[in-house]
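J.: pasting the sequence and the predicted model now:
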Amino acid sequence: MTPRERVEAVYAGEVPDQVPLLLDLSHYYKSTYKKFFDLSGYKGVDQELVDLHKKIGAVCYVEMGRFYDLAVTDRRIETRAETRDGVFFTYISTPEGSLHEERTFSAESYSYNIRKHLLESVEDFPAVISLMEHMECIPRWERYHEWNDALGDVGYPYCGLPYSGLGYLISRNFGVEKTIFAAMDYPDEVRLLVDSVNRRNLEILDTIIDGPFSTLFISDNYDSNVQTKELFDTYSRGYYTEVADRLHAKGKYLAVHVDGEMRGALRWMDECGVDCVDAATPAPMFALTPKAARAEAGKNMILSGGIPATVFGSQGTDAEFEESVKAWLETRVESPRLFMAAGDQVPTDAPLHRIEMLPKLVEACGKY
């Protein structure tokens, strides 16, 4: 089987010849090859990144940019973004108010740290709600086909939705502390914003759902230490369930990016009909061992991940890396609903020889 066929088989509920290997090499690639990190996203196929995936033999599935554009339909509303002196600025102007965000580039982590959140208080919420109410989705499937064709047998492009309402606040634009306090002190205002974001996302989904992709991706960076069951039940459960139901009715699948503590969240996501939890990161970074993660997820949910960044990167040893990979692959005996991947992105300090070890380890220890 080809790398792509293995991924397709697992999503279809079949057993491949071996555990599929997927990697998000984008961050490692940008840092190692000293590529400009453009937060506005890819504008076309990056052939060097494609060639890296082909060299490693790992499926490329995310970080290819959006396969649609979002356009403002009200002339009174303006949005723009620009990078100046290593700072990425986002500006939003609406009749209800103006907002801006600042993110500063860090050469050490090769990422943009948030210096100023887009939202400062609940008084900023009406501007976001106004923006959400005046946007349209324009599919750009030519971008999907360009990446899909360039990647060939190592391509399985996910099509992503923007952050859910809770993710928009807690993971991206308001921060953990302010979101938690606002949820307690201003529940009506938080509900209005979350509902406006989720409603807009469902309209995007309706526009793109018949597109050429097979799996939809929600990159909410979920962490059950922060986004508790109470928050999940209040703001996320109904939304995830609705997205999953609409996709399943079309014969398509839903993957959610956790990228944090997955204890508890695995069960909650499974109850919503989520097909795959991406960036599933076990101990020693988080609480669950691979075996415990499979036990909580049940036999039907796809677990995609397995290698903590602390083990993949320079803090870990080759022996710890190999042990981590083998422990994850051993769970295939309990369920073939399994992808071998990094716990989130391949870290920038991952030694190349460890990346190159992965296909050999999967072939040796991940066959069915």
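T.: Nice, I can see it.
J.: quick check: end-to-end length of stretch 38-54?
T.: With CA to CA, to the nearest Å applied, stretch 38-54 spans 23 Å between its terminal residues.
J.: give the buried residues for that stretch.
T.: Within stretch 38-54, the residues that count as buried by 16 or more other CB atoms under 10 Å are 45-46, 49-50, 52-54. (C-beta placed from N, C-alpha, C; glycine too.)
J.: which residues are contacting the top helix by length along the chain?
T.: Longest helix in the chain by number of residues (criterion: DSSP state H): helix 187-208. Here helix 187-208 makes contact (CB atoms under 8 Å, 6 or more residues apart in numbering) with 67-68, 70, 122, 125, 128-129, 132-133, 135, 137, 139, 159, 161-166, 168-169, 179, 182-183, 216, 235, 239, 242-243, 246-247.
J.: next one: stretch 278-287
T.: Contacts to stretch 278-287, defined as CB under 8 Å, 6+ apart, come from residues 62, 217, 255-263, 266, 288-290, 292-293, 303-306, 308-311, 324, 327-328, 341-344.
J.: ok so, going back, and the contacts of helix 187-208, which are buried?
T.: 67-68, 122, 125, 128-129, 132, 135, 137, 139, 159, 161-166, 168-169, 179, 182-183, 216, 235, 239, 242-243, 246-247.
J.: if you look at those residues, which of them are in helices?
T.: Filtering the buried ones among the contacts of helix 187-208 for helices - DSSP H - leaves 125, 128-129, 132, 165-166, 179, 182-183, 239, 242-243, 246-247.
J.: any chance of JSON lines for the residues you listed, columns distance to Lys299?
T.: Formatted as JSON lines, these follow (distance: CB to CB, whole Å):
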{"residue": "Phe125", "distance to Lys299": "41"}
{"residue": "Val128", "distance to Lys299": "40"}
{"residue": "Ile129", "distance to Lys299": "41"}
{"residue": "Met132", "distance to Lys299": "38"}
{"residue": "Gly165", "distance to Lys299": "31"}
{"residue": "Leu166", "distance to Lys299": "28"}
{"residue": "Thr179", "distance to Lys299": "34"}
{"residue": "Ala182", "distance to Lys299": "38"}
{"residue": "Ala183", "distance to Lys299": "34"}
{"residue": "Tyr239", "distance to Lys299": "25"}
{"residue": "Glu242", "distance to Lys299": "24"}
{"residue": "Val243", "distance to Lys299": "22"}
{"residue": "Arg246", "distance to Lys299": "24"}
{"residue": "Leu247", "distance to Lys299": "21"}
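J.: can you lay out those residues as JSON lines showing pLDDT?
T.: Below are those laid out as JSON lines (pLDDT from 0 to 100):
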{"residue": "Phe125", "pLDDT": "98"}
{"residue": "Val128", "pLDDT": "98"}
{"residue": "Ile129", "pLDDT": "98"}
{"residue": "Met132", "pLDDT": "98"}
{"residue": "Gly165", "pLDDT": "98"}
{"residue": "Leu166", "pLDDT": "97"}
{"residue": "Thr179", "pLDDT": "98"}
{"residue": "Ala182", "pLDDT": "98"}
{"residue": "Ala183", "pLDDT": "97"}
{"residue": "Tyr239", "pLDDT": "98"}
{"residue": "Glu242", "pLDDT": "98"}
{"residue": "Val243", "pLDDT": "98"}
{"residue": "Arg246", "pLDDT": "98"}
{"residue": "Leu247", "pLDDT": "98"}
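J.: which of those sits closest to Pro336?
T.: Leu247 (21.3 Å; CB to CB).
J.: against Gly41, how distant is Arg332?
T.: Arg332 is 34 Å from Gly41, where distance means CB to CB, to the nearest Å.
J.: Ser314: what secondary structure?
T.: coil (DSSP: H, G, I helix; E, B strand; the rest coil).
J.: actually, Glu271.
T.: Assignment for Glu271 (three-state DSSP): helix.
J.: tell me how many other residues crowd the residue nearest to it when sequence neighbours are not counted.
T.: Counting by CB to CB, 6 or more residues apart in numbering, Glu271 lies nearest to Arg237, which is 7.6 Å off, once chain neighbours are set aside. Residues lying near Arg237 (other CB atoms under 10 Å) number 16.
J.: how about the contacts made by Arg237?
T.: Contacts of Arg237 (CB under 8 Å, 6+ apart): 268, 271-272.
J.: of those, closest to Tyr91?
T.: For those, the nearest to Tyr91 is Cys272 (34.7 Å; CB to CB).
J.: surely that closest one meets Leu247?
T.: No - the pair Cys272 / Leu247 is not scored as a contact, 11.5 Å apart, by CB atoms under 8 Å.
J.: start and end of stretch 135-144, how far apart?
T.: Using CA to CA, the two ends of stretch 135-144 sit 22 Å apart.
J.: run through who's touching that stretch.
T.: 44, 64-73, 157, 159, 200, 203-204, 207-208, 211-213.
J.: leaving out the residues flanking it, which one is nearest to Ser219?
T.: His257 (4.3 Å).
J.: and Gly306, by the same measure?
T.: Per CB to CB, 6+ apart, closest to Gly306 is Trp328, 3.2 Å.
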